[in-house]
Structure formats: C-alpha cells, structure tokens
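Peer 1: Quick check, what structure comes out for this input:
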Amino acid sequence: MSYGPQEFARDLPFHVPRETIERLETHCRLLADWSHRMNLVGPRELAAFWRRHALDSAQLVALAPQAMRWVDLGSGAGFPGLVVAAILADQPGAAVHLVESTEKKAAFLSAVAKEAGLPVKVFNQRIEVFGAGEGPYDVVTARALAPLNRLIPYAKPILDHGAIGLFHKGADIDAELAAAKDVLNGGAYQADVLESLSDPRGRIVRVTRKR
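Peer 2: Numbers count the residues shown, from 1 in each chain. Predicted coordinates:
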C-alpha cells in the first residue's frame, strides 16, 4: 500500500494545509534531482519519503507546538530540519537553523529552502564550531547523527541555554541511555523516551536540562 501526502496529513495530530504539502513536494523533487549527483538518499529511501522521512520528522512539531526557533544538527538531506521549516513557514517569527559541515549538502539545503520559501538559515560548519549558534533556541534536533553519549555534548551549548532536545533513535535506546549516563551529568539532564508515530521500532528521546 502506497503512502503519500494524504496519508501523511491524516496521520499527524495537527492540521496540515495544502501549502505545507506543496513545500514538502518541492523538497522531495529536489531531493530526487540532487541525489543523482551526490549521496543524499538512495532510491528506496526516496520512495519512502512521506512516511519514513516526512512523517518521522514532522511528528516533532507536535511535541513542541509552541516552539518557533529550532536548530537541527547534522541536517544532511533535511530531516528533520527542512520538514519542520515547511510546517512552520506560515508562522510569524519562525526560524529553523540547519548545521551541516559538508559543503554540497549545505548547498542542497539552501536550494530547497530558497525554492520552497522556508524560514531557514544554513550554517556550513562543524557542530563544534557552531556551538550555541544564534541562540537561544526552543528546540535542538538531530537524526541519525551520533549515539547519545556523543550527541549530548554536541547539543550541550544549546540545551544549557534553555532548549529542549528532540532526538530520533531506534529500538536500542536503552543501551544508548546506559552508555550516555555520564554525559547526562548524573541527573543534570532529564531524558524521556517517547514512541514514534512513523515506526513502531523508533523512539524519540526528549532531553531537557533540569533547573
């Protein structure tokens, strides 16, 4: 059974206007075009755009519905950053910052943002250099970037300025949390594991700094 824009809109717990679908269709089209020239996603991944990538990314907005300032670390092909930006594009004050160290991938992100009219700023630099960026941010995200014991230190400058972390993870999350015990500073950060809308094996880890 195919999964497309209608199913995507149906499965989210908030209204998805036609304009958002059009922005995501632009993302999907450019992703296909650019993937012929560089390693963004393979054909199977592209065919699964709406569920595996768009829905997987968009669900984060429901977890932080008031958040307007987002930063995505290691944005790659634009998941979740470009998808979040497509959803927030009509909201006054929305800003999504994408951090990507690979120049070609950063160029792709900029091309999608420009053509789709997204409230995006791309930072072509390493995460360690980006630091706290142009914060404070409301949310910091990362998908398929690093295990938690490396990811938390990357996000620490942003988390420590009040952002919440929303990180995509898999079924081995318990092992990741155990390995990240030290970087969670023995309780300085709260990590909550949430189920994923897009994949029964997937998890979202919500990380907040305790006051």
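Peer 1: what residues are up against the closest residue to Leu40 other than its chain neighbours?
Peer 2: Leaving aside its sequence neighbours, Leu40 sits nearest to Ala77 (Cβ to Cβ, 6 or more residues apart in numbering; 4.5 Å). In this view, the C-beta of every residue, glycine as well, is placed from N, C-alpha and C. By Cβ atoms under 8 Å, 6 or more residues apart in numbering, the contact set of Ala77 is 31, 40-41, 53, 105, 108.
Peer 1: Mind telling me which residue is nearest the centre of the chain?
Peer 2: Against the mean C-alpha coordinate of the chain, by Cα atoms, centre = their mean, the closest residue is Pro80 at 2.5 Å.
Peer 1: Thought His168 was touching that residue, still the case?
Peer 2: Yes: judged on Cβ atoms under 8 Å, Pro80 makes contact with His168 at a distance of 7.4 Å.
Peer 1: Show me the common contact partners of these two, please.
Peer 2: 56, 141, 143.
Peer 1: Inside strands: which ones of those?
Peer 2: 141, 143 (DSSP state E).
Peer 1: for the shared contacts of Pro80 and His168, which one is nearest Ala94?
Peer 2: Of all those, Thr141 has the smallest distance to Ala94: 14.4 Å, by Cβ to Cβ.
Peer 1: so that closest one bridges to which residues?
Peer 2: Asp72, Leu166 (DSSP bridges).
Peer 1: How about the contacts made by it?
Peer 2: Applying Cβ under 8 Å, 6+ apart, the residues near Thr141 are 60, 70-73, 80-81, 84, 165-168.
Peer 1: what does Trp50 give?
Peer 2: Trp50 neighbours (Cβ under 8 Å, 6+ apart): 3-5, 7-8, 24, 28.
Peer 1: count of neighbours near the residue nearest to Leu159 when sequence neighbours are not counted?
Peer 2: In space, and not counting its chain neighbours, Leu159 is closest to Arg209: 5.2 Å by Cβ to Cβ, 6+ apart. For Arg209, the neighbour count with other Cβ atoms under 10 Å is 16.
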